[in-house]
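In: Here's a sequence, model it:
(chains A and B)
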Amino acid sequence: MSKEPVAVVGIGQTKHVAARRDVSIAGLVREAARRALDDAELTWADIDAVVIGKAPDFFEGVMMPELYLADALGAVGKPMLRVHTAGSVGGSTALVAANLVAARVHGTVLTLAFEKQSESNAMWGLSLPIPFQQPLLAGAGGFFAPHVRAYMRRSGAPDTVGSLVAYKDRRNALKNPYAHLHEHDITLEKVQASPMLWDPIRYSETCPSSDGACAMILTDRAGAARAPRSPAWMHGGAMRSEPTLFAGKDAVSPQAGKDCAADVYRQAGIADPRREIDAVEMYVPFSWYEPMWLENLGFADEGEGWKLTESGVTELDGDLPVDMSGGVLSTNPIGASGMIRFAEAALQVRGQAGEHQVDGARRVLGHAYGGGSQFFAMWLVGSRPPDS
Amino acid sequence: MTREIAVVAFGQTDHRRTSEEFSEVEMLMPVLHDVLARTGLKTPDIDFTCSGSSDYLAGRAFSFTLALDGVGAWPPISESHVEMDGAWALYEAWTKLLTGDADTALVYSYGKSSPGPVRDVLTRQLDPYYVAPLWPDSVALAALQAQALIDAGDTDEPALAAVAARSREAATANPHAQLRGPVPPGEYVVRPLRTGDCPPIGDGAAAVILAAGDRARELCARPAWIRGIDHRIEAHGLGVRDLTDSPSTRLAAERAGAFERPVDTAELHAPFSAQEIVLRKALRLDGDVRVNPSGGALAAHPIMAAGLIRVGEAAAAIHRGESDRALGHATSGPCLQQNLVAVLEGDPR
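Out: Reported below is the predicted structural model:
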């Protein structure tokens, strides 16, 4: 049986900032959804279903907020699903929505992910103590730093690579009007001089805490034909999960990430990702994850990822631009971060990315991960409809 | 041509007032093994896995990640999670099977209501700015709905007591149920609801396996084919809803094809006795339909699993040959805000 092709015809996000004190959670999500509808030139009545995602409910202190948000998202009388797969959730949410279209259950679906971190404190939201279970205690940075160390030791990467990524992403963010951090006076020296938080991760190599939302309108072939602007077409999408902690886990390059990418490439007919993919929006919350994921996603051989970063391949004008939008390092409304990666990939192949547009981007990968590097969600979008 | 998809196995724990000696993973594992054993499938044979649970019940962010560790997610699996009742995880899995990307799916959900004051915990579901700060608890909100029904002449207190008594009488045949046999109506909790009109607080887990087409026929002697499944949400604010009706249930039932032919069995997720009255009306269930032969949510109510259990019980009735066409219903949110309806059928005998 054949699947319905899935097109992205509307994209909207909020200007991400540390605290949106001017809007409620409902106001925040509605702003992104409204912009996505405007982009698609559709109204609330054109939407058949809503799929919403965010990271833990403790971040805002609202249990199952989809119930409260039904009105704000025009979902009354419609189906509404709430996805939660940790940090990968923004990507997974888009994939669940895409499946509704691919399965021909619905024609046009609004998908949205958000986090309003200023309502609470993410660090402590992740650190609730419970019996018999080691909580993260020092937030995500404390969990991931040892894995970065392991990567450095394993690959022999010089300790300057992380700061190069942060410097690049923060400069890219200056070209993205929606990015949270706009550090106009950023220099490589400033990144390198910033305080050490979780050795080897420096303050300027970590993501901020943001308030923000991202929305997309996904539709079928008929919907795409009516779209006012060129759609992005989904060529492949997959999720993979593995346990957080077990003896055989490779925390530096998890098997679930490799398998997820391989599944996406198989669906999209990609044999050589390094040559056939034009750019990547990658989930890099701590700078060293760029070289680590370059290897995990098959863009570089094991131990070689840092060389791509160091030689400028991943710069905006490089041969394989990574995180053209400024990435998670510049904008991190946690639950939305994965969907922003997916949406920015779609913007690129639609030629709608503005100042951070990669010339001639035809196939772009959107990537998200979550938990203790255990949940992965990815999609590959193209400027042309998939074959068949 | 739409793909044929069926529930081929259903399993659940015994539901208990407390399970403090078990972690969620320990509670879940026997159920996962149970459904796998019923089909003869091993973890690597499952193409897609989806779960439903709530961090707020567990009191911990990312609580579902621990449950995943128990599933056997190595080598890595294709997997997803909804922060909802497991009935919606089943819906997501059904969608995945429809795309043709998977032929089998494992769906599970679990919830422990015992560790915290569940009435207070559920207030955190409400509008966080205007309503939740007032802490209106889940029983108080259900009582508003019950009183609205009484005021409208749709029911009275003896009729509500009869719903509760019938449910717990039916549960005597259900070894997993928590409240079985005669249960006194008890004192008022919030008028007009007495303890007997409210669900027990308890812990439990459930799992089902879905399969498509011929795979389903291989795995189950009498698959419970999902003829339709749909879910709808209503406005959150209670002031803008008619609490004596459930238009979202009616619409979901219509879209699921429930009204095309009568069902013989209905498993309704009605945690409060008065909600059965609302659902019966919305679903046009007459006296010939067996409603909640399992005892329903008044006999066992592990939050986040109770809806999946309704679909599972409906499917199991078909597996056993006790039903030919059954309806499974799940609800979420205060006063039946969100509702899912699945219509299941066995092959003609």
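In: Give me the contact list for the one helix or strand A:Ala33 maps to.
Out: Using DSSP states H and E, A:Ala33 sits within helix A:25-40. Residues outside helix A:25-40 that contact it (Cβ atoms under 8 Å, 6 or more residues apart in numbering or on different chains) are A:9-14, A:20, A:23, A:43-44, A:46-47, A:52, A:60, A:62, A:65, A:68-69, A:71-74, A:110, A:112, A:114, A:116, A:119, A:211-217, A:219, A:227-229, B:128. The way it works is simple: take the backbone N, C-alpha and C, and place the C-beta from them, glycine included.
In: 7 Å - rerun?
Out: Applying Cβ atoms under 7 Å, 6 or more residues apart in numbering or on different chains, the contact partners of helix A:25-40 are A:9-14, A:20, A:23, A:43-44, A:60, A:62, A:65, A:69, A:72-73, A:110, A:112, A:114, A:116, A:211, A:213-217, A:227, B:128.
In: just stretch B:68-80 next, same as before
Out: By Cβ under 7 Å, 6+ apart, stretch B:68-80 touches A:83, A:85, A:92, A:96, A:238-244, A:246, A:255-256, A:259, B:25, B:28-29, B:32, B:43, B:47-50, B:92.
In: Next step: those residues restricted to strands.
Out: Using DSSP state E, A:Val83, A:Ala238, A:Met239, A:Arg240, A:Ser241, B:Phe48, B:Thr49, B:Cys50 are the members of the contacts of stretch B:68-80 that sit in strands.
In: returning to that earlier point: out of the contacts of stretch B:68-80, which end up buried?
Out: A:83, A:85, A:92, A:96, A:238-244, A:255-256, A:259, B:25, B:28-29, B:32, B:47-50, B:92 (16 or more other Cβ atoms under 10 Å in any protein chain shown).
In: Relative to chain B, which residue of the stretch 251-388 of chain A is the closest?
Out: A:Ala256 (3.7 Å; Cβ to the nearest Cβ).
In: Would you check that that residue makes contact with A:Ala238?
Out: No - using Cβ atoms under 7 Å, A:Ala256 is not in contact with A:Ala238, being 10.2 Å away.
In: about what we covered before: now the helix holding A:Ala33: average pLDDT?
Out: Mean pLDDT, helix A:25-40: 98.
In: Can you give the distance of it from its chain's centre?
Out: In terms of Cα atoms, centre = their mean, to the nearest Å, the centre of helix A:25-40 is set 18 Å apart from its chain centre.
In: Next, the buried residues of it.
Out: Residues of helix A:25-40 classed as buried: A:25-26, A:28-33, A:35-37, A:39-40 (neighbour count, 16+ other Cβ under 10 Å).
In: Could you work out the most separated pair of those residues?
Out: A:Ile25 and A:Ala40 (23.3 Å; Cβ to Cβ).
In: Sketch out the strands for the stretch 51-200 of chain A, chain order is fine.
Out: With DSSP state E, counting those that start in this stretch, the ranges of strands along the stretch 51-200 of chain A come out as A:80-83, A:108-116, A:196-198.
In: Repeat that for chain B.
Out: B:5-12, B:48-52, B:79-82, B:104-112, B:188-190, B:193-194, B:203-212, B:224-233, B:265-267, B:290-291, B:325-332, B:338-345.
In: and of those, who's closest to A:Ala251?
Out: Nearest to A:Ala251, of those and by Cβ to Cβ, is strand B:79-82 at 18.5 Å.
In: Mean confidence (pLDDT) on that closest one, please.
Out: For strand B:79-82, the per-residue pLDDT averages 98.
In: Quick check on the contacts of helix A:25-40: which are buried?
Out: For these, a neighbour count by 16+ other Cβ under 10 Å gives the buried set as A:9-14, A:20, A:60, A:62, A:65, A:69, A:72-73, A:110, A:112, A:114, A:116, A:211, A:213-217, A:227, B:128.
In: Name the residues of the stretch 151-300 of chain A found near chain B, please.
Out: A:Ala238, A:Met239, A:Arg240, A:Ser241, A:Glu242, A:Pro243, A:Thr244, A:Phe246, A:Gln255, A:Ala256, A:Asp259 (Cβ under 7 Å from any Cβ of the partner chain).
In: quick one: which two of those are the most distant?
Out: Across these (Cβ to Cβ), the longest gap, 21.9 Å, separates A:Ala238 and A:Phe246.
In: what bridges to the nearest residue to B:Ile309 once chain neighbours are set aside?
Out: Leaving aside its sequence neighbours, B:Ile309 sits nearest to B:Ala206 (Cβ to Cβ, 6 or more residues apart in numbering or on different chains; 4.8 Å). Each beta-bridge partner of B:Ala206 is listed here, defined by DSSP bridges: B:Gln12, B:Ser109.
In: ok, B:Ala206 - contacts?
Out: Contacts for B:Ala206 were tallied using Cβ under 7 Å, 6+ apart; they are B:Gly11, B:Gln12, B:Val31, B:Gly86, B:Tyr108, B:Ser109, B:Ala305, B:Leu308, B:Ile309, B:Gly312.
In: Compare those and tell me which is most surrounded.
Out: B:Ser109 (35 neighbours; other Cβ atoms under 10 Å in any protein chain shown).
In: of the buried residues of helix A:25-40, closest to chain B?
Out: Among the buried residues of helix A:25-40, and counting by Cβ to the nearest Cβ, the member closest to chain B is A:Ile25, at 6.9 Å.
In: Mean pLDDT per helix and strand in chain A: which one sits at the bottom?
Out: Taking mean pLDDT, DSSP states H and E as the measure, chain A has helix A:122-125 as its least confident helix or strand, at a mean of 72.
In: could I have it exported to CSV, CA atoms only?
Out: The C-alpha coordinates for helix A:122-125 follow below in CSV (Å, rounded to 0.1, in the frame of the first residue of the first chain):
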residue,chain,number,x,y,z
ALA,A,122,14.1,23.7,33.8
MET,A,123,17.2,22.8,35.8
TRP,A,124,15.1,21.9,38.8
GLY,A,125,12.2,20.5,36.7
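In: Which strands and helices lie in contact with that helix?
Out: Contacting helix A:122-125 under the criterion 3 or more Cβ pairs under 7 Å, 6 or more residues apart in numbering or on different chains; DSSP states H and E is no other helix or strand.
In: what's that helix in contact with?
Out: For helix A:122-125, contacts defined as Cβ under 7 Å, 6+ apart pick out A:Pro56, A:Phe58, A:Phe59, A:Gly139, A:Ser209, A:Ile334, B:Ala61.
In: try stretch A:310-318
Out: So stretch A:310-318 is contacted by A:Val161, A:Leu164, A:Lys168, A:Asn172, A:Glu290, A:Leu308, A:Asp319, A:Leu320, A:Pro321, A:Val322, A:Met324, A:His356 (Cβ under 7 Å, 6+ apart).
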